[in-house]
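>>> Return a 3D structure for these sequence lines:
(one chain, ligands or ions: 1)
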Amino acid sequence: MKKIIISAIIFLFSTITFANIKVVTTTTVIYDLVKEIGKEKVKVDYLCRGDQDPHFLEILPSYMLKLRNADVVFKIGLGLELWLQQLIDGSRNDKLKLIDLSTDIEKKEVPTGKIDASQGDIHPYGNPHYWLDPENAKKMAKQITEVLSDLSPDNSAYFQKNFTDFITKLDSKINEWKTKLNPVKGKPILTFHKSWVYFADRFGLKIAGQVEPKPGIPPTPSHNAELISEIKRSNIKLILMENYYSDNAPNQLSKATGVKVVKVANAVYGQSGISSYIQMIDSIVNSLSNNL
Ligand SMILES: [Zn+2]
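The predicted structure is shown next:
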């Protein structure tokens, strides 16, 4: 009896002390960063799985339930999650805070002229794939630290310490990744989707073109024919692609030219063995340095 009372008291105490911040993230990369900063002080869930294309998420009713009781939802922004607003509306959660992590990011490929939506370009506000540059992951982590601290000021020193630890860990990995990719600097590659510009700029890779004629537009025979000449002309050895895209067109290019098709995860849990941001970049860097 005594034991039961003691455990009941411990349980009660722990639920009061650990009144967790309830966080939902659109992607698994944000999810992992929130876990790094919030650790056991947050309860976090994500919407888009790591092996799904975040541009085109098929909506499930359960996503609204996830948002119903959340304190805050973090998104990548720049038009990546056009599916999010209807989920927020459907959640009927008036207290839900929406945080756009792109605000402090130096954006690339922001269109200057008028966007013609009929062209189907799914990067109308600039390229949203900024999380693939680890320097941007630091900015995302910083903003997450600030938001969590606002929601739970008592824990702000704790979040700040976790942030500092994460940055130290990431900085040492960035040096390692730069060293590993140094030998392949300047070598031209193709990518399937236009998602690698931030990564390529950080590590000195040269992107010579995309298999998609425009972001979100499926490959065409005429565009593939142009790519075959480009692969031969520039001696391109590798096509980098997210593992959730169809590899039909890349395989055709490979058959015609011998170019290697390398599939990677661009999100956490995108393939087995990748359960953190650092493991994800590790795996991308290794795929490139082993195959180029
Ligand atoms: Zn995209």
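>>> list the contacts for Pro188?
By Cβ atoms under 8 Å, 6 or more residues apart in numbering, the residues touching Pro188 are 206-208, 234-236. C-beta: built from backbone N, CA, C; applies to glycine.
>>> Which one (most neighbours) among the residues you listed?
Ile236 (21 neighbours; other Cβ atoms under 10 Å).
>>> List just the nearest of the contacts of Pro188 to Lys108.
Ile207 (11.7 Å; Cβ to Cβ).
>>> Please tell me how far the closest residue to that closest one other than its chain neighbours sits from Lys206.
Residue nearest to Ile207 in three dimensions, not counting chain neighbours: Ala200, with 5.1 Å by Cβ to Cβ, 6 or more residues apart in numbering. Between Ala200 and Lys206 the computed distance is 7 Å (Cβ to Cβ, to the nearest Å).
>>> so where's this protein shaky on pLDDT?
Along the chain, the parts satisfying pLDDT under 70 run over 1-19, 115-120.
>>> just the helices in it please.
Assigned by DSSP state H, the helices in the chain fall at 2-17, 28-38, 61-68, 84-91, 134-151, 156-181, 197-203, 221-234, 248-257, 277-291.
>>> of these, which approaches Ile99 most closely?
It's helix 134-151; of the helices of the chain, that one is closest to Ile99 (Cβ to Cβ) at 5.4 Å.
>>> Walk me through the domains of this structure.
14-173, 176-291 (automatic domain parsing).
>>> can you put the contacts of Pro188 in JSON lines and add distance to Lys185?
Output for these, formatted as JSON lines (distance: Cβ to Cβ, whole Å):
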{"residue": "Lys206", "distance to Lys185": "8"}
{"residue": "Ile207", "distance to Lys185": "13"}
{"residue": "Ala208", "distance to Lys185": "14"}
{"residue": "Ser234", "distance to Lys185": "16"}
{"residue": "Asn235", "distance to Lys185": "16"}
{"residue": "Ile236", "distance to Lys185": "15"}
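>>> Find the pair from the residues you listed with maximum spatial separation.
Taking Cβ to Cβ, no two of the contacts of Pro188 sit farther apart than Ile207 and Asn235, at 14.7 Å.
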